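*Asks:* can you look at this prediction? I've put the sequence above it.
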Amino acid sequence: GAGVSQSPSNKVTEKGKDVELRCDPISGHTALYWYRQSLGQGLEFLIYFQGNSAPDKSGLPSDRFSAERTGGSVSTLTIQRTQQEDSAVYLCASSLYLSPYEQYFGPGTRLTVT
Amino acid sequence: GDSVTQMEGPVTLSEEACLTINCTYTATGYPSLFWYVQYPGEGLQLLLKATKADDKGSNKGFEATYRKETTSFHLEKGSVQVSDSAVYFCALSEIAGGTSYGKLTFGQGTILTVHP
């Protein structure tokens, strides 16, 4: 079946602009996660959604970052007023339920802020 | 807070050599432990996992044993192949009081290169 998909695969934006990154999880998966992979910080958790529960936003680095998940499926990560330090690969993952169920990762969106 | 420490890389081996990538963790609860692998040009994928002490996870010839007494989850393979060249991440997910916290905490990753 189809895996986790993310769009766009690459995004170049100017400092100060807003960007939206999209994630389509595997159908039927109740949990959805966002991570960030950067050279300096490695792989960092950002936020997760589980069913209808309030999301765990504890990993969001600043209030410029927000995410939503509509209808328990597609998720959008929004970064406002982008900064150069936001440049990274943003990974989305989904799982049938919360860990330790396997998280299936998408290919990522490479964000470059110039 | 939770943390995962992996051995410094990169690691370069000849084909058929033995591999060990060390991983130790700090957690306040009772974590599940994972090894994820990222092959060149591909996304992260689960390699193996262990959910309780003394469990051994295994897949594709790789093994790791959950050692609670040493808070370790070292990855081992007896004979590596060129196709094992990838980045390997140790990770944990916290479970406390029967509640899963969902998120994965990753180590820094270890780049493995295997030469013919």
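*Replies:* Structure's in. What do you need?
*Asks:* where does chain A come near chain B, residue by residue?
*Replies:* A:4, A:31, A:33, A:35, A:42-45, A:48, A:50, A:56, A:58-59, A:91, A:93, A:97-100, A:102-108 (CB under 8 Å from any CB of the partner chain). From N, CA and C alone the C-beta is placed, and that goes for glycine too.
*Asks:* give me the buried subset of these.
*Replies:* For the residues of chain A next to chain B, a burial check counting by 16 or more other CB atoms under 10 Å in any protein chain shown picks out A:4, A:31, A:33, A:35, A:42-45, A:48, A:50, A:56, A:59, A:91, A:93, A:98-100, A:103-108.
*Asks:* restricted to strands, list those.
*Replies:* In this view, those that belong to strands under DSSP state E are A:31, A:33, A:35, A:42-45, A:48, A:50, A:91, A:93, A:104-105.
*Asks:* so of those, which two are at opposite extremes in space?
*Replies:* Across these, no pair lies farther apart than A:G42 and A:Q50, at 23.9 Å, counting by CB to CB.
*Asks:* for the chain, give me the ranges with low pLDDT.
*Replies:* As the question left the chain open, I've gone with chain A. Confidence mapping of chain A against pLDDT under 70 gives the ranges A:1, A:98-99.
*Asks:* oops, I was thinking of chain B
*Replies:* Low-confidence regions of chain B, defined by pLDDT under 70, span residues B:95-101.
*Asks:* for it, which strand is longest?
*Replies:* Selection of the longest strand in chain B by residue count, based on DSSP E, yields strand B:86-96.
*Asks:* dihedrals phi and psi, B:G57?
*Replies:* phi -90, psi 140 (degrees, to the nearest 10).
*Asks:* and it, how many neighbours?
*Replies:* One way to gauge burial is a neighbour count; for B:G57, by other CB atoms under 10 Å in any protein chain shown, it gives 20.
*Asks:* burial of the closest residue to it other than its chain neighbours, as a residue count?
*Replies:* Here the nearest residue to B:G57 in space, its sequence neighbours aside, is B:L48; by CB to CB, 6 or more residues apart in numbering or on different chains that works out to 3.4 Å. Burial measure for B:L48: 19 neighbouring residues, criterion other CB under 10 Å.
*Asks:* can you name the residues bridging to the residue nearest the centre of chain A?
*Replies:* For chain A, the residue sitting closest to the mean C-alpha position, by CA atoms, centre = their mean, is A:W34 at 3.3 Å. In this entry, A:W34 is beta-bridged to A:I47, A:C92, by DSSP bridges.
*Asks:* contact residues of chain B facing chain A?
*Replies:* B:32, B:34, B:36, B:42-46, B:49, B:51, B:89, B:91, B:93, B:95, B:100-109.
*Asks:* derive a PyMOL selection command for the buried subset of these.
*Replies:* Here is the PyMOL command that picks out the buried ones among these, judged by 16+ other CB under 10 Å:
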select buried, chain B and resi 32+34+36+43+44+46+49+51+89+91+93+95+100+101+102+103+104+105+106+107+108+109
